[in-house]
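> compute the structure for the input listed below.
(chains A and B)
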2 protein chains.
Amino acid sequence: MRTLIKDVTVLTLDENNHILPAASLALEDSAILAVGAVPAEFAPDEIIDGHEMLALPAFFNAHTHAAMTLERGWAEDLPFDRWLNEKIWVAESALEEEDVYWGTALAAAEMLQAGIVGFADHYFWMEQSARLVAESGMKALLAWCHFGLGAEKEVGQATFADTIAFAARWNGAANGRIHTTMGPHSPYMDPPAVLARFAEEAHRLGVGAHFHLSESEEQQRNSLERYGQTPVAHVADLGLFDLPQPTVVAHCNVVTEADVALLAKKNVYVVHTPKTYQKLALPMPPLVELLQAGVQVALGTDGPASNSDLNLLEVMRLAGLYQKGRLADPEALPRMQLLRLATQLPAAALGFPESGVLAPGRPADLILLDTTAPHWIPRHDLAAGVVYTAHPSDVAYVWSDGQLLYRRGEFLTLDIDRIRWEAERRAFRMVGQPMSSLRAYQG
Amino acid sequence: MRTLIKDVTVLTLDENNHILPAASLALEDSAILAVGAVPAEFAPDEIIDGHEMLALPAFFNAHTHAAMTLERGWAEDLPFDRWLNEKIWVAESALEEEDVYWGTALAAAEMLQAGIVGFADHYFWMEQSARLVAESGMKALLAWCHFGLGAEKEVGQATFADTIAFAARWNGAANGRIHTTMGPHSPYMDPPAVLARFAEEAHRLGVGAHFHLSESEEQQRNSLERYGQTPVAHVADLGLFDLPQPTVVAHCNVVTEADVALLAKKNVYVVHTPKTYQKLALPMPPLVELLQAGVQVALGTDGPASNSDLNLLEVMRLAGLYQKGRLADPEALPRMQLLRLATQLPAAALGFPESGVLAPGRPADLILLDTTAPHWIPRHDLAAGVVYTAHPSDVAYVWSDGQLLYRRGEFLTLDIDRIRWEAERRAFRMVGQPMSSLRAYQG
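Residues are numbered from 1 along each chain as shown, chains lettered A, B, ... in the order given. Reported below is the predicted structural model:
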């Protein structure tokens, strides 16, 4: 398959931040063949007029629990303990295996529509998530979440051995679009012996790990009491930062200077999900200080039960605006850096380090934004438009490995009508409500 | 004109926060005739199927400089003084009168598309803004901005007498959709004698005032040195808080306890524009404390040169998320309160206190949101969907005083193609760039 996009503005995100006006972009099979001028002999199967469109690397979402779309809006304006104990866990106790497929499918549709082609998913019954990723054409790093002592099965869970078997079976599947990783929940939910076993299995399978880390002062205090170490030092000592593939750690809201230095030395990606931190009132991680220390940071949405959606444009904006305000420095986190935190960095965290730049030979993971809506005019600065103004509805085309997955409202690999129906009816079943019962506001 | 919207979910925003599923909504001329059940004898001219749509009061934007759309994206990631002196004022020195019309028209299109029907505009050459409001069917509170000693004319300015004449001429125009108000810039740009004259003229004309107030520690310090009073106390003593109509003050980033008590006692609306505060790194006002003290607060976007856009959905989200995080309290600013800050409160600030509730007899200022996009599913909580998830592209219908102004991408009162062209070519002229010259990123 050969696609020519002509007369398009290209935001390359290369090392010189080149922006190419009125350029051509040639895609061949899964890769970018040319950017700028296209060889005369290139014979495209399809030509797309890129006039008034902006091509840029697709977004990657470095931490989510995709199927938790089913609980979106079920627990709002609540403190974290009530959010979790009274609402989320109660709903999740009714989760059935096939729900994960439809919840993930709904998430995939929402992400594609917002220009996201890859996601790091951390949840239960991950065969369902893998099946959806394979069918959808997207890319993913999949972890079957596990907590406890390793033997028991609970609702939505698997034994330790089950999660390892899943990782072994699916790693590299779907023409390499699926990567798997070890999925401990966190050092506060998994005892040290289990975490050490995950590190061993990661070496055996040649993968990394993905887990929650150091989200609160309380977690840090408990770790110091129990293990004499911060959560970061604790997991490092258990070998979880020295794996064959990157270690993806969500959050790091509370870190010491020594933690930061340690994170910077290792092949670790810290995932920053600021909407969740604000919505659930968790401490905001010191994003700029992490970056200045050389820590690899990638943006993510977190699960849509806490975050309400899967919109990395919004996450990118929130991350930048918050840090500018906090540091009283409008020059903090300039727009090109924010774009990298939502594209190159999370792609690398997921094990796709070649994505995130539009250049010959790179994977054809890219999007076209339509810049004709009123909020884009005048087009003084298109990068600023993406970072500070763009809406998901500006996303017009989405490719993953050269396959067109979304085109102007149309999902080319997903049956959106069935997904909407299945996801909504299952979501209402989980919370014990009849379909479409709209309740008056409580409180 | 009689319109029936049937089978719609209605978020009334009445005092009991009623949400009515599968309801009907009848509009007659400029008002809402019925909500819930509709009289059998109601004979509509048009019937709209509201299935899977949510009706709610339209948004009002309590502080903007609409025509500054022309400078959107022209000054990015810069400190405030460089943003203003090196970029914004240089561009504005090339502003011509007709530019204001097209810049305001572009802003109007963007606002309608985001569900905003009214705005408080504070800029220059306001005849142009008034003309656009009259033509567009929107509502507005218009202030011709004035600073200095009152006599001189500068680029884009008028004499004191000119601004008063504008306010007298247009107040109540366009069937009452246009309100005017006094437009001093601020107590740091207008000397006390000029501010006192504005108060006098406000009484003579039966209007209020709209200006910038207490945006920084420096402004507070200078006011204390010069006048022995905080900016808030200073303008109160000059009579600007005791006018026939509300006084709209933008920002109040830095306020004392005495300032807050004073603001709470007067018919003043404090406009909160958090995206600008974060983007330009101004201090964040104590929003929750202002509300707890009984101050009337309304949300606004500020001008799109600082804020990058005119999206009150985003402003509402930023305001709520920031305060939850700051106070470590996820229950702070619950969703129904945030909705009021973006609808009822700014409508009242603009002099339309009957808007902001869907009930019989109220003005037909309302919108329909389409809730079928993936990010809405499952529809556990539609109010949370509006506040934490909705995109401007969900806005399907917009009415102002019962006139349909926007319907699924179509502007019924604006020539969007001409507006885009005129606005962009004028914007590029102002900054001395050839049209569509896309520059490589600098820095």
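> per-residue pLDDT, the residue sitting nearest the centre point of chain A?
Of all residues in chain A, the one closest to the mean position by Cα atoms, centre = their mean is A:N61, 1.7 Å from it. The per-residue pLDDT reported for A:N61 equals 98.
> identify the bridge partners of it.
A:F119 (DSSP bridges).
> quick check, it in contact with A:D302.
No - the pair A:N61 / A:D302 is not scored as a contact, 9.3 Å apart, by Cβ atoms under 8 Å. C-beta here means a position set from N, CA and C on the backbone, and glycine is covered the same way.
> circling back to that earlier point, for the residue nearest to the centre of chain A, give me its contacts.
A:111, A:116, A:118-120, A:299-301, A:310, A:312, A:346 (Cβ atoms under 8 Å, 6 or more residues apart in numbering or on different chains).
> tell me how far the closest residue to A:R82 other than its chain neighbours lies from A:L280.
With sequence-adjacent residues excluded and distances taken as Cβ to Cβ, 6 or more residues apart in numbering or on different chains, A:R82 is closest to A:A75, at 7.8 Å. The gap separating A:A75 from A:L280 is 10 Å, by Cβ to Cβ, to the nearest Å.
> hey, what's in contact with both of the two?
A:W83.
> need the contact list for the residue nearest to A:R82.
A:82-83, A:86-88, A:305.
> and for A:L338?
A:316, A:319-320, A:387.
> from chain B, how far off is the residue nearest to A:Q229 when sequence neighbours are not counted?
Once flanking residues are discounted, A:Q229 sits nearest to A:S223: 6.3 Å by Cβ to Cβ, 6+ apart. Using Cβ to the nearest Cβ, to the nearest Å, A:S223 is found at 21 Å from chain B.
> pretty sure A:S223 is touching A:L238, no?
No - in this structure, A:S223 is not within contact of A:L238 by Cβ under 8 Å, at 11.9 Å.
> can you pull the buried residues of stretch A:394-411?
A:394-406, A:411 (16 or more other Cβ atoms under 10 Å in any protein chain shown).
> select from those every entry located in strands.
Among the buried residues of stretch A:394-411, the residues falling in strands (DSSP state E) are A:395-400, A:403-406, A:411.
> including distance to chain B, could these go into a markdown table?
Formatted as a markdown table, those follow (distance: Cβ to the nearest Cβ, whole Å):
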| residue | distance to chain B |
| --- | --- |
| A:V395 | 10 |
| A:A396 | 12 |
| A:Y397 | 16 |
| A:V398 | 14 |
| A:W399 | 19 |
| A:S400 | 17 |
| A:Q403 | 20 |
| A:L404 | 18 |
| A:L405 | 14 |
| A:Y406 | 11 |
| A:F411 | 9 |
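> the residues you listed into JSON lines, with extra columns for pLDDT?
Listed next are those as JSON lines, based on pLDDT from 0 to 100:
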{"residue": "A:V395", "pLDDT": "98"}
{"residue": "A:A396", "pLDDT": "98"}
{"residue": "A:Y397", "pLDDT": "98"}
{"residue": "A:V398", "pLDDT": "98"}
{"residue": "A:W399", "pLDDT": "98"}
{"residue": "A:S400", "pLDDT": "98"}
{"residue": "A:Q403", "pLDDT": "98"}
{"residue": "A:L404", "pLDDT": "98"}
{"residue": "A:L405", "pLDDT": "98"}
{"residue": "A:Y406", "pLDDT": "98"}
{"residue": "A:F411", "pLDDT": "98"}
